[in-house]
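>>> Kindly generate the corresponding structure for this input.
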Amino acid sequence: MSGQGQPLTTRQQLLVPATVAVLFVAMVSSFTPTPLYPLYQDEWGIGDELIGVAFAAYPIAVIVTLVLMGGVSDRFGRRLTLIIALLMLLIGMGVLTVAFAYPLLLLGRALQGIAVALAAGAGAATLMETHPKGVARGAFVNTLALAVGSAVGPLLAGVLASVTPLPLVFPYLAVAVAVLVPLGLVLRSQEVRPALTDAPLVRTIRLPRPLWPGFSVAGAAILGTNLAMGMFGSFGGAIAATVGLVSEFAVGLLVSIVLASLAVSQVITRALRPRTAMALGLLGAAVGWGAAALASAMDTPWMMIVGASLIGAGAGLCLMGSAALIGIISPVNRRAEIYSAYLLVAFGALSVLSLVAGIVVQQASATAVLTVSFAICTLLSLFVSFFSRRLLPATA
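Predicted coordinates:
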């Protein structure tokens, strides 16, 4: 049913699976470079700090796009925004395919960030507004599509890099071809809600003071999620190497274990209340980071795999619980604005963590990054466990 209670046409109904496909492919592309970073380092002779910058270019571009172009899907419509995002993603993959120097890697990552920001904002709104089972199911499908796409990206890239003669070309070409599938679906679909032609393109995001307590808990939880995505997304190769996993396939597999666990945990535990999901997620992730740090110090691959699984599962619970909490505490007429603020926190943390971790890996070691991540996640766990009882509404 549409927002006005009218039955949806077949083409309008197609917009839901089309949007899921857009989000899935967008996240596949986002993590495609992860197992390839060691190859870039070998070919160009760049250090870990520049890899951190390359990874951070993506979330920084997301933040800038959210701030400066947050009103695109309201003004021009969800469907058109998804088309623009896919075309931008195709350009970004093209740049990465022909990247022969470090600046082109930065440009390609930035274009990916712009595309994902447009797709994520329009996609989340589309699913919450249009999903036949309502807002809550639409929000769940949104986060699940993002998580599954994230898990597939590094594994696909790792496999293609291992079996093809041009490891820095074929993974991007494969994703570029895959982008054509959701593009075709969106082009065949039809808009459900009319565009608001008078909506401003640039909107100031304001967080009402009464929402600050609950938002702080959700923000702490999403930090736990992006700690996992940032560390393994940018330095999966360095982390895997500490336990002797050095091939592109092995690196991609380790990162995919983290991200697949992130997706699976949401499916298994989706009945949990937000406060429970966030508390359990951060606790499990902290245990995982501790196991990963020990595995790195002791050169124990199986312990690293166990730690990675726990980190991913905990990150998934944090993502699911924090996103659900944002939906609970946000007024209906300001849900999109509050969700944008939530995304700014998430991607802001992702960029800062990547930049700082690059310096730590360069100056110290990947083991030091894992140990610091354990300490951060432990503190976040204590914060959420303590304050969720005092700051969250009873419905959370």
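>>> CA atoms for contacts and neighbours, from now on please.
OK.
>>> Number of residues surrounding residue 23?
29 (other Cα atoms under 10 Å).
>>> Work out the gap between the host helix or strand of it and the centre of the chain.
Using DSSP states H and E, residue 23 sits in helix 15-30. Distance of helix 15-30 from its chain centroid, counting by Cα atoms, centre = their mean, to the nearest Å, is 12 Å.
>>> Which elements pack onto that helix?
helix 78-97, helix 102-130, helix 135-163, helix 170-188 (3 or more Cα pairs under 8 Å, 6 or more residues apart in numbering; DSSP states H and E).
>>> Could you rerun that using 7 Å?
Applying 3 or more Cα pairs under 7 Å, 6 or more residues apart in numbering; DSSP states H and E, one finds that helix 15-30 contacts helix 102-130, helix 135-163, helix 170-188.
>>> Mind putting those helices into JSON lines with mean pLDDT?
Shown next, in JSON lines, are the helices and strands packed on helix 15-30 (pLDDT from 0 to 100):
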{"stretch": "helix 102-130", "mean pLDDT": "91"}
{"stretch": "helix 135-163", "mean pLDDT": "89"}
{"stretch": "helix 170-188", "mean pLDDT": "97"}
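>>> Reformat the ones you listed as a markdown table; add distance to residue 241 and mean neighbour count.
Shown next, in a markdown table, are those (distance: least, Cα to Cα, whole Å; neighbours: other Cα atoms under 10 Å):
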| stretch | distance to residue 241 | mean neighbour count |
| --- | --- | --- |
| helix 102-130 | 23 | 24 |
| helix 135-163 | 15 | 23 |
| helix 170-188 | 21 | 19 |
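>>> List the contacts of the helix or strand just after the helix holding residue 23.
Next helix or strand after helix 15-30 toward the C-terminus (DSSP H and E): helix 37-44. Outside helix 37-44, the residues within contact range by Cα atoms under 7 Å, 6 or more residues apart in numbering are 47, 51, 237.
>>> State the next helix or strand along the chain beyond helix 37-44.
Immediately after helix 37-44, counting by DSSP H and E, sits helix 48-68.
>>> What are the buried residues along that following helix?
Of all the residues in helix 48-68, those buried under the rule 16 or more other Cα atoms under 10 Å are 48-63, 65-67.
>>> Quick check: which helices or strands does that helix pack against?
Against helix 48-68 (3+ Cα pairs under 7 Å, 6+ apart) you get helix 102-130, helix 212-241, helix 335-363.
>>> Measure how the last one sits relative to helix 48-68, angle-wise.
Right, helix 335-363. 170 degrees (axes from the mean of the first three to the mean of the last three Cα atoms, to 10 degrees).
>>> Let me see the contact set for residue 122.
Residue 122 sits in contact with 73, 78, 81-82, where contact means Cα under 7 Å, 6+ apart.
>>> nope, residue 167 is what I meant
160-161.
>>> Right, I'll call it a day here.
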